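Student: The amino acid sequence is not available; the structure is as follows:
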Ligand SMILES: Nc1ncnc2c1ncn2[C@@H]1O[C@H](COP(=O)(O)OP(=O)(O)O)[C@@H](O)[C@H]1O
Ligand SMILES: Nc1ccn([C@@H]2O[C@H](COP(=O)(O)OP(=O)(O)O)[C@@H](O)[C@H]2O)c(=O)n1
């Protein structure tokens, strides 16, 4: 069984995807980490993320980079969003994601284009959303835990800009697949959001 979970920044898709993976005993891939690794590579090399050739060079990163806590920052997210616009970068990362989805038994993947490009034939698709203000509040809480300079308004502005860039790009934009179930987590606790996600997947697949 393949489960595709897409949605904008801090909507809760990673939390939900991870919980679905545990519930249905499936492996999980956070595809955003791949784009974040490319973004961090460009950032650390002092390169221009809007230059496709420079971004492409950073696609050949060591797996250990995926464990780097620096990937989690909103700054890395912004760079990821800029490098992910380039078709060259998306092409370099696509096979790894498709192979993960195609493994025997299935998988859970979360990102922006899982239900539309990586696994259009997924058995269940969720499009997870929440209001920009609530998403910024969640990210601010995460960032302020280890960064005293975290700035709520800057994070909100960044999230709005990232939503716009991700939704408007020509290649694999962030959008709800026609057959995806919408899950708005704005007014849901984590536990309620996870329960709702499990119920939606059960309804689509008949699997428990
Ligand atoms: N329904 C929810 N209510 C409150 N906080 C949530 C909810 N879902 C996720 N969070 C928290 O918001 C932050 C971002 O969630 P995450 O799942 O990483 O989002 P995404 O993968 O969409 O960026 C995390 O700190 C997470 O614990
Ligand atoms: N499947 C994916 C996943 C992420 N991305 C890009 O990578 C950035 C970071 O993704 P992420 O999922 O780690 O970000 P958050 O939603 O966790 O903030 C996004 O803003 C997208 O631009 C993408 O283009 N396609």
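Tutor: Done, it's in. Note that the structure is a prediction, hence the values are computed from the model and not measured. Ligands and ions are numbered 1, 2, ... in the order given.
Student: For stretch 55-70, measure first residue to last.
Tutor: With Cα to Cα, to the nearest Å as the measure, the first residue of stretch 55-70 is 18 Å from its last.
Student: Ok, stretch 174-182 next?
Tutor: Across stretch 174-182, the terminal residues are separated by 14 Å (Cα to Cα).
Student: gap between that stretch and the chain center?
Tutor: Relative to its parent chain, stretch 174-182 has a centroid offset of 14 Å by Cα atoms, centre = their mean, to the nearest Å.
Student: can you check stretch 137-155 too?
Tutor: Distance, stretch centre to chain centre, for stretch 137-155: 19 Å (Cα atoms, centre = their mean).
Student: Could you report the neighbour count for residue 78?
Tutor: Summarising burial for residue 78: neighbours were counted as other Cβ atoms under 10 Å, giving 19. C-beta here means a position set from N, CA and C on the backbone, and glycine is covered the same way.
Student: Assumed it was part of a helix.
Tutor: Yes. Under DSSP: H, G, I helix; E, B strand; the rest coil, residue 78 falls within a helix.
Student: Contacts only, for it.
Tutor: By Cβ atoms under 8 Å, 6 or more residues apart in numbering, residue 78 lies in contact with 39, 158, 161, 162.
Student: In TSV: those residues, plus neighbour count and pLDDT.
Tutor: Below are the contacts of residue 78 laid out as TSV (neighbours: other Cβ atoms under 10 Å; pLDDT from 0 to 100):
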residue	neighbour count	pLDDT
39	26	98
158	19	94
161	12	96
162	20	96
